[in-house]
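Undergrad: Provide a 3D model corresponding to the input given below.
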Amino acid sequence: MRELIIERKEILLGTNVTIKVIEPDLERAIEAIKSAFNEIRRIEDIMSEFRDDSEVSILNHTKFIKNPSKDLVYVLRKSEEYFEISDGAFDIMASTKPRPRMTIKNDEIRVNCSSKINISLGGIAKGYAVDKAIEVLQGLGIRRALIDAGGDIRVLDGKSDKHLWTIGIRDPTRKESFTTVIKLFDKSVATSGTYGKTKIIDPRTGELIKDPVSATVIADKAIDADTLSTLSIISPEIGLRIVKRLGFEAFIIYQSGKILKTPGFKEYEV
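TA: Got it, this is the predicted structure:
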């Protein structure tokens, strides 16, 4: 059967989300895309700090939540791991000083703090939502797909030169140009930057990041690519160290035009 390319876009997670499926069965593709978007909505309902009834908002308000979702437990634990290994350069409680201790259990989450807290999962939840949506597609028998949530991308399949997914890495100084182009299969890539209206704050100092301009990370899962691309903007040195330790790849562009790459990044470039 001839393969069809079915694509749908929605605004979720505060950004444009695109799901593209390559599949000969049109009905299966349409239902799979619908289910994947529903999964992203489910994650947004749990982790949005802008919805009063989300688990994150409840936790921020009460500093305690009973029987949290497995999703929130996983993302909070992952966030705390990155906080530890980055020496505080990645911090979901950056605006809460001094930083309180958070106890994360499967049946409850508690933040020990006498002042108001502000947990923000903006630097990690989007990647997690992409991963969960990919799991939905896989569970419904989809073998080839791409999900792009505002630059947090994960692809399925593409294990031949004919089917590799080609992705352009935007030049932060010229909107219509690409700094480089990469080819991926069964991987994730995310780019964070300080260009345009995007502002990234160093949680350790509270100051805006002015240099570098952009950071791109290739990882197995979008949650890691998302987190590490943000971390590599805040501290390229720490970001690169962790990227290398985990066996991922990174590409960082400084305001001066200087470029840093991990040795293996070139293997993905066209």
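Undergrad: Could you use CA atoms for every contact and neighbour count after this?
TA: OK.
Undergrad: Around residue 194, count how many other residues there are.
TA: Residue 194: 22 surrounding residues under other CA atoms under 10 Å.
Undergrad: cool, residue 242 as well?
TA: The burial count for residue 242: 19, using other CA under 10 Å.
Undergrad: tell me the SS of it?
TA: The three-state assignment at residue 242 reads helix, by DSSP: H, G, I helix; E, B strand; the rest coil.
Undergrad: what comes up buried for the longest helix along the chain?
TA: Counting by DSSP state H, the longest helix found in the chain is helix 26-47. Across helix 26-47, burial judged by 16 or more other CA atoms under 10 Å covers 29-30, 32-33, 35-37, 39-41, 43-47.
Undergrad: How about stretch 75-94?
TA: Neighbour counts using 16+ other CA under 10 Å place 75-77, 79-80, 82-83, 86, 88-94 of stretch 75-94 among the buried residues.
Undergrad: Start and end of stretch 54-71, how far apart?
TA: Length of stretch 54-71, first residue to last, CA to CA, to the nearest Å: 12 Å.
Undergrad: What's the mean pLDDT across that stretch?
TA: Stretch 54-71 comes out with an average pLDDT of 97.
Undergrad: what about that stretch, distance to the chain center?
TA: 21 Å (CA atoms, centre = their mean, to the nearest Å).
Undergrad: what comes into contact with that stretch?
TA: For stretch 54-71, contacts defined as CA atoms under 8 Å, 6 or more residues apart in numbering pick out 43, 45-52, 72, 106-113, 116-120.
Undergrad: got the residue ranges for the helices in this structure?
TA: In the chain, the segments counted as helices under DSSP H are 26-47, 55-62, 70-85, 125-139, 222-234, 236-246.
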